[in-house]
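Colleague: model the following, please.
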Amino acid sequence: MSAYGSISRPGRTSYLPSTAWHCPGDAQVFVTLHHIDQSAIKLHTGLFEYLHCVFADEDVRDPDTFGAYFFASDVLIAIANSKEVKVKAELEGGVKEVEMSLEAARGGRSWEECVAGFYYVKPNYPGRSSHICNAGFIVPPSQRGGGYGRILAKSYLHYAPKLGYKASVFNLVYVNNVASVRLWENLNFVKAGLIPKAGRLRRTDGPGEEYVDAWVFYKSFEGVDRDTPAS
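Modeller: Predicted coordinates for the structure are as follows:
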């Protein structure tokens, strides 16, 4: 859901190629990204249930509500891997397109063992402004500290333009989330504005809550390669 209500699109008939990304600090370990949607996830037993469990937001405990929110459009699943993959194409920026299905990347492991993270990509606004997208990123608690968050963010800059979007907006990046602020700045997002007292968060210096400001981040995808779009 958004401030404008549900923003969704018809199911896909094709999906973007999977890609491989090396983990920071370990060239032998990489992550593969796989493009799915609400129709495709039904082919992978237990995956939807695992993602819902990880999301664990108090407002979306109902599976149907989670599905309508997180799978309103496109979803990318990151799978941690250490096996060799067949590289289909070397793209600009070191991105590698690979011939590996989601189940092949899983390799018989449980989803808990292998899912390094996941995120949705969907319009931030409806109608005339639906060319601007937003994303929501999740790294399971058991996978945190491995540099997967940065891989998800970098892969987003690869996939979002190929899904047809011309720009990205992150509506609320709280100023006290130093890691996220630094990440988007390093990926050349610009601060489009500051919203005072945007969120009521738990205090870091004691009990209770406090209001925290938030940045609005923006990045244009104009001029980015959009070959092989999904349909």
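Colleague: what's the longest helix in the protein?
Modeller: Counting residues, the longest helix in the chain under DSSP state H turns out to be helix 148-162.
Colleague: same for it, what does it pack against?
Modeller: With contacts taken as 3 or more Cβ pairs under 8 Å, 6 or more residues apart in numbering; DSSP states H and E, helix 148-162 sits against strand 18-23, strand 26-36, strand 74-81, strand 115-123, strand 132-138, helix 178-186. For the C-beta atoms, the positions are set from N, CA and C on the backbone; glycine is no exception.
Colleague: any idea which of these scores lowest on pLDDT?
Modeller: For the helices and strands packed on helix 148-162, mean pLDDT drops lowest on strand 26-36, to a mean of 86.
Colleague: neighbouring strands of that strand in the sheet, and parallel or not?
Modeller: According to DSSP bridges, strand 26-36 has the following sheet partners: strand 18-23 (antiparallel), strand 74-81 (antiparallel).
Colleague: about what we covered before: could I get the helices and strands packed on helix 148-162 in TSV, plus columns for distance to residue 209 and mean neighbour count?
Modeller: Formatted as TSV, those follow (distance: least, Cβ to Cβ, whole Å; neighbours: other Cβ atoms under 10 Å):
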stretch	distance to residue 209	mean neighbour count
strand 18-23	36	21
strand 26-36	35	19
strand 74-81	31	24
strand 115-123	27	23
strand 132-138	22	19
helix 178-186	19	14
